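Enquirer: Got a predicted structure plus its sequence, pasted below:
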Amino acid sequence: MIAGPPCSSFVFLNSHTSGRRKNRPLGFASIRPYVRNANRITTRLVILWMLATVRCCWTLTEQPLSSCMGFFPYIVFFQRVISNLIPWNRVTFNMGTYGSPTLKPTQIFGTMSCMDKMKRRTSKKLRKRLARKQKKSKKPMVKHSVNKRTGKVQVSGSTGLRKSQVYPIGYGRKIASLHQRDLAKNPGLLRILLYNNADLMDAAQAGTTAYKAPYGWRHAALDDLQQFLENEAKAGRFEPMFTGGLNL
């Protein structure tokens, strides 16, 4: 399972507005709708990680190097649940080595066992070429302005920064080739690691395990989905594996 959730509210450049810090990863969710929405997406992503993992699928998620998403409470919870079963990996590299128009320092993290092979050395030649290209570009990555109230110089993202979010083809091809090679080499490795271990399944049921999710998953905002599943179950069109948390 490959993911690239919205990073705009997690990066350092936006930290003053989003209120996110390593020790405050939920940010100003009560007063910033875009922060609240990013929290919802990221929390739901962790739920998908759990579903993917119990189905014996690897996970890999990409973020800019300055992103504090790795400190998000639900991600920390997921790492704790799988810590005795599957290694959690984190690798850093520059996306420019895969064809990005800028250097773009990047981090990837997850359970995919081959992700360490994504790391590439950035040559001086490539650094200079990307720097020259960016200098000539009519769409810079950031723009500088002066705050009229404080007189301080402030930095904000520009259209060039948004366009740099597009993944280069080389990045996708590298992940695909490594994953295929890994499947051929260790086709049943994840299944072996998870065999007969109910911790991850238990973690999906609130109140039935020592692995209790933070905040009861409320940041996922799943009320509408819960109501839909309850209606389907009562109508006989859906039979839940677990009934904990459902009003049946």
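Expert: Nice, thanks for sending it over.
Enquirer: hey, what's the most centrally placed residue in the chain bridged with?
Expert: Nearest to the mean C-alpha position of the chain, counting by C-alpha atoms, centre = their mean, stands T61 at 4.5 Å. Counting by DSSP bridges, T61 forms beta bridges with A3, F109.
Enquirer: Tell me the spacing between it and Q107.
Expert: Distance of T61 to Q107, given as C-beta to C-beta, to the nearest Å: 9 Å. From N, CA and C alone the C-beta is placed, and that goes for glycine too.
Enquirer: swap in S18?
Expert: Going from S18 to Q107 by C-beta to C-beta gives 18 Å.
Enquirer: Comparing the two, which residue is more hemmed in?
Expert: Between S18 and Q107, S18 has the larger neighbour count (other C-beta atoms under 10 Å), namely 22 against 17.
Enquirer: Which helix or strand contains M112?
Expert: In the assignment (DSSP states H and E), M112 maps to no helix and no strand.
Enquirer: Pretty sure A3 is one of the things A52 touches, is it not?
Expert: No: with contacts counted by C-beta atoms under 8 Å, A52 stays clear of A3, the gap being 9.6 Å.
Enquirer: shared neighbours, those two?
Expert: Common neighbours of A52 and A3, using C-beta atoms under 8 Å, 6 or more residues apart in numbering, are T59.
Enquirer: ok, back up a step: for the residue nearest to the centre of the chain, give me its contacts.
Expert: For T61, the contact set (C-beta under 8 Å, 6+ apart) comprises I2, A3, G4, P5, L45, M69, I108, F109, G110.
Enquirer: and the fourth one, which of the three is it?
Expert: Spelled out, it's P5. Counting by DSSP: H, G, I helix; E, B strand; the rest coil, the backbone at P5 sits in coil.
Enquirer: give me the low-pLDDT residue ranges for the protein?
Expert: Scanning the chain with the threshold set as pLDDT under 70 gives 138-147, 152-164, 187-211, 242-248.
Enquirer: Domains in this protein, by residue range?
Expert: Annotated domains of the chain cover 2-122+175-234, 124-159 [automatic domain parsing].
Enquirer: What are the boundaries of the helices in the chain?
Expert: Using DSSP state H, the helices of the chain run over 15-18, 33-54, 73-82, 124-136, 159-163, 169-185, 189-194, 199-203, 223-234.
Enquirer: Point out the one among those helices that comes closest to K117.
Expert: helix 169-185 (5.6 Å; C-beta to C-beta).
Enquirer: Give me the buried positions along the closest one.
Expert: Y171, K174, I175, L178, H179, D182 (16 or more other C-beta atoms under 10 Å).
Enquirer: Now T59. Nearest residue, chain neighbours left out?
Expert: Using C-beta to C-beta, 6 or more residues apart in numbering and skipping residues adjacent in sequence, the residue nearest T59 is G110, 4.0 Å away.
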